[in-house]
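Student: coordinates for the following, if possible.
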Amino acid sequence: MGIMAKAIWENTVLAESDQTIDVEGNQYFPPQAIKTDYFKPSEQHTTCPWKGLASYYDVEVDGKRNANAAWFYPEPKPAAKQIKGYVAFWKGVKVEK
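Tutor: Here you go, the predicted model:
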């Protein structure tokens with residue numbers, strides 16, 4: 001069992017897990033740890049040289065939207081295969097451990 005991590009925005013827990021994976025200082029939460037009500041698919045994509053193509057979610061809480069505040073790798077490159085589907089956060093989303 002790892003340490004419980006929580007992703008919080010607007011005083012709302014967006015994700016919670018003791019199975020996060022740390023990559024480059026970001027906590028990646030397993031897909032089943034995500035509270036899907038707060039996530040809306042985004043059209044945004046970026047590419048990482050070693051992780052591959054990232055997809056994004058907008059985070060929405062009480063009508064407030066944080067565009068592209070969460071990202072994940074649906075089909076990562078082999079070097080990052082352990083984070084397939086795992087979700088990480090930025091843009092003011094606080095991750096507490």
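
Student: contacting residues for T47?
Tutor: By CB atoms under 8 Å, 6 or more residues apart in numbering, T47 lies in contact with L53, A54. From N, CA and C alone the C-beta is placed, and that goes for glycine too.

Student: now name the helix or strand holding it.
Tutor: Assigned by DSSP states H and E, T47 belongs to strand 39-48.

Student: return the alpha-carbon coordinates of the helix or strand that that strand is followed by using PDB.
Tutor: Heading C-terminal from strand 39-48, the first helix or strand you meet, by DSSP H and E, is strand 52-61. Provided in PDB are the C-alpha atoms of strand 52-61 (Å, rounded to 0.1, in the frame of the first residue of the first chain):
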ATOM      1  CA  GLY A  52       3.900   9.800 -26.700                       C
ATOM      2  CA  LEU A  53       0.700  11.600 -27.500                       C
ATOM      3  CA  ALA A  54      -1.200  13.000 -24.500                       C
ATOM      4  CA  SER A  55      -4.900  13.600 -24.400                       C
ATOM      5  CA  TYR A  56      -6.600  16.200 -22.000                       C
ATOM      6  CA  TYR A  57      -9.600  16.700 -19.900                       C
ATOM      7  CA  ASP A  58     -11.300  19.900 -18.800                       C
ATOM      8  CA  VAL A  59     -12.100  19.800 -15.100                       C
ATOM      9  CA  GLU A  60     -15.500  21.100 -14.100                       C
ATOM     10  CA  VAL A  61     -16.700  21.800 -10.600                       C
END
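
Student: gap between the very next helix or strand once past strand 52-61 and the chain center?
Tutor: Once the chain leaves strand 52-61, the next helix or strand it forms, by DSSP H and E, is strand 64-72. Remark: strand 64-72 is offset 9 Å from the chain centroid, using CA atoms, centre = their mean, to the nearest Å.
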